[in-house]
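A.B. asks: Fold the following.
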Amino acid sequence: MPLFGEVFLSEIIKKPVLDPTGEIAGRVKDVIVVKGDPLPKVSAVIIERKKQLFKINWEQISLFNKRIISAYLTAGLMKPYSLSEDDLLAVRDILDKQIVDANGAKVVRANDIKLEGYDREAILIAVDVGMKGIMRRLGVERGGEAFLKIFKIQMPYNLISWNYIQPLKPKLKSIALTVPRQMVSELHPADIAGIISQVSREEGTHLFKDLDIETAAEALSELKPEMQAEIINAMDTEKAADIIEEMPPDEAADVLSDLPTEKAKEILEHIEKEEAEDIQELLGHEEDTAGGLMTNEFIAYPPDITVREAVERFKRDAEEIETVYYIYVVDEEEKLIGVTSLRELLLSEPSTRLAEIMATKLKTVTPDADEMAAAGIISKYNLVALPVVDNDGILLGIVAIDDIIDRILPPAAKRRRRKV
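C.D. replies: Model (predicted):
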């Protein structure tokens, strides 16, 4: 009864089960789960043949993996089986159920179940609550991962270990966590934002307050503007300032613009002077403009430094910046005179000066340019970031493609930024 390697439940559902003669006895419909030591285990496999259900006990299974499932019992000797409400079935009773914390806050849904072999048993190791689980069930996991690799994006696993899940029972409506706050903090920020959006305001605020500063800042960025304002406004000023300071300046400015003026000013007073000045600068621009979309976090170097010097500086400077697409080249007056890609930088000889590899035919916008004009330039010239300069050509910031997408795609997420 071996189980070779890891198997996800979605990979065996509808999979044919062979009997000793090689005949297809049926296809996997579900598995029965029972309490194990230390984790739950599969006690039987339910198969379907010609709309009739049959039960194969685990000790009658000879092979069990994602490639082949076979049984010692011949198809002709299998007796029909009727599902019992006393059975705990993985597909019926676990998949798509909400996982909740001890306070009743909805966490995520169980998209798939990870199984592993242990002491000749099939043990339930974890619940997959991420996008991978959904794609796997739809049969598009490999294609989706291949597509994302084109953009150098790796889809992470979002697994909740069964060690953190309370004992299950048949016909359950939800799954409970034993260590809710710890597990929530380990989820992707977008998933945490989804949790907070689904629960009551009180529960969501309570859940948010238990997050560490870095996780809280990332999750806050994923929430709708009105919810961001509610959560930050309800927090004490010092912790709110720590969270806002952790965010990129453009996102921090968006949040502060939705707060009551006095609260926003209090928070700015608790933020380091340099960070506060960056945020204040962004708050001065109107919405629906390039200035309203831009971030003033970018990397710019003088034209006379070498590639070697630029790379060394980049290693230090990039740690504090959310996303870096290009190296901008500016003169002594901070005027934009050129740009080079990271690829060009890495492929050039270390002794080459930036002036020799920079592109000088630049596409730029002024801060008062309409956001759609900025989007049009990014689209037309296949840019991932667009420099924003003033009337004297001084580099003020950049509009990144992800900010354009965030602004254009979800109308509900638009906000009117006001000065503080």
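A.B. asks: which helices and strands sit right next to the strand ranked longest in the chain?
C.D. replies: Secondary structure of the chain per DSSP state E: the longest strand is strand 24-34. In terms of contacts (3 or more CB pairs under 8 Å, 6 or more residues apart in numbering; DSSP states H and E), strand 24-34 is packed against helix 9-12, strand 16-18, strand 41-49, strand 52-57, strand 88-89, helix 90-93. No exception for glycine: its C-beta is placed from N, CA and C like everyone else's.
A.B. asks: quick one: buried residues of that strand?
C.D. replies: Residues of strand 24-34 classed as buried by neighbour count (16 or more other CB atoms under 10 Å): Ala25, Gly26, Val28, Lys29, Asp30, Val31, Ile32, Val33.
A.B. asks: swap in stretch 347-366?
C.D. replies: Of all the residues in stretch 347-366, those buried under the rule 16+ other CB under 10 Å are Ser348, Arg353, Leu354, Ile357, Met358, Leu362, Thr364, Val365.
A.B. asks: Same list, the residues you listed, but as CSV with distance to Val129 and pLDDT please.
C.D. replies: Listed next are these as CSV, based on distance: CB to CB, whole Å; pLDDT from 0 to 100:
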residue, distance to Val129, pLDDT
Ser348, 44, 93
Arg353, 50, 96
Leu354, 46, 95
Ile357, 45, 95
Met358, 46, 95
Leu362, 45, 93
Thr364, 43, 95
Val365, 41, 94
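A.B. asks: Those into a markdown table, with extra columns for secondary structure and distance to Leu336?
C.D. replies: Below are these laid out as a markdown table (DSSP: H, G, I helix; E, B strand; the rest coil; distance: CB to CB, whole Å):
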| residue | secondary structure | distance to Leu336 |
| --- | --- | --- |
| Ser348 | coil | 20 |
| Arg353 | strand | 17 |
| Leu354 | helix | 13 |
| Ile357 | helix | 16 |
| Met358 | coil | 10 |
| Leu362 | coil | 7 |
| Thr364 | coil | 7 |
| Val365 | strand | 12 |
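A.B. asks: Return the closest of those residues with respect to Thr205.
C.D. replies: Set against Thr205, the nearest of the buried residues of stretch 347-366 by CB to CB is Val365 (38.3 Å).
A.B. asks: How many neighbouring residues does the closest residue to that closest one other than its chain neighbours have?
C.D. replies: Spatial nearest neighbour of Val365, excluding adjacent residues (CB to CB, 6 or more residues apart in numbering): Ala290 at 4.5 Å. Ala290 has 29 neighbours, counted by other CB atoms under 10 Å.
A.B. asks: phi, psi of Ala290?
C.D. replies: phi -60, psi -40 (degrees, to the nearest 10).
A.B. asks: strands paired with the longest strand of the chain, and their directions?
C.D. replies: strand 16-18 (antiparallel), strand 41-49 (antiparallel), strand 88-89 (antiparallel) (DSSP bridges).
A.B. asks: Reformat those as TSV; add mean pLDDT.
C.D. replies: Shown next, in TSV, are those (pLDDT from 0 to 100):
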stretch	mean pLDDT
strand 16-18	96
strand 41-49	95
strand 88-89	94
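A.B. asks: Need those strands in TSV (columns: mean neighbour count and distance to Glu226).
C.D. replies: Formatted as TSV, those follow (neighbours: other CB atoms under 10 Å; distance: least, CB to CB, whole Å):
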stretch	mean neighbour count	distance to Glu226
strand 16-18	20	51
strand 41-49	20	46
strand 88-89	20	41
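A.B. asks: Reformat these as CSV; add distance to Lys265.
C.D. replies: CSV is the format used below for the strands paired with strand 24-34 (distance: least, CB to CB, whole Å):
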stretch, distance to Lys265
strand 16-18, 67
strand 41-49, 59
strand 88-89, 56
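A.B. asks: nearest to Arg67, of those?
C.D. replies: Short answer: strand 16-18, nearest of the strands paired with strand 24-34 by CB to CB, at 11.2 Å.
A.B. asks: Please work out which residues outside that closest one touch it.
C.D. replies: For strand 16-18, contacts defined as CB atoms under 8 Å, 6 or more residues apart in numbering pick out Ile24, Ala25, Gly26, Arg27, Val28, Val45, Ile47, Ile56, Ile68, Ile69, Ser70, Ala71.
A.B. asks: how far does it sit from the chain's center?
C.D. replies: When C-alpha coordinates are averaged (CA atoms, centre = their mean, to the nearest Å), strand 16-18 and its chain have centres 36 Å apart.
A.B. asks: I'd say Leu9 and Val91 touch.
C.D. replies: Yes: taking CB atoms under 8 Å as the definition, Leu9 is a contact partner of Val91 at 7.0 Å.
A.B. asks: between the two, what contacts are shared?
C.D. replies: In contact with both Leu9 and Val91: Val31, using CB under 8 Å, 6+ apart.
A.B. asks: For these two, indicate the residue with more neighbours.
C.D. replies: Each of Leu9 and Val91 has its neighbours counted (other CB under 10 Å); Leu9 has more, 26 against 16.
A.B. asks: Let's verify the closest residue to that one other than its chain neighbours: helix, strand, or coil?
C.D. replies: Leaving out its chain neighbours, the residue that sits closest to Leu9 by CB to CB, 6+ apart is Ile113, at 4.2 Å. What DSSP: H, G, I helix; E, B strand; the rest coil gives for Ile113 is strand.
A.B. asks: Sounds good, over and out.
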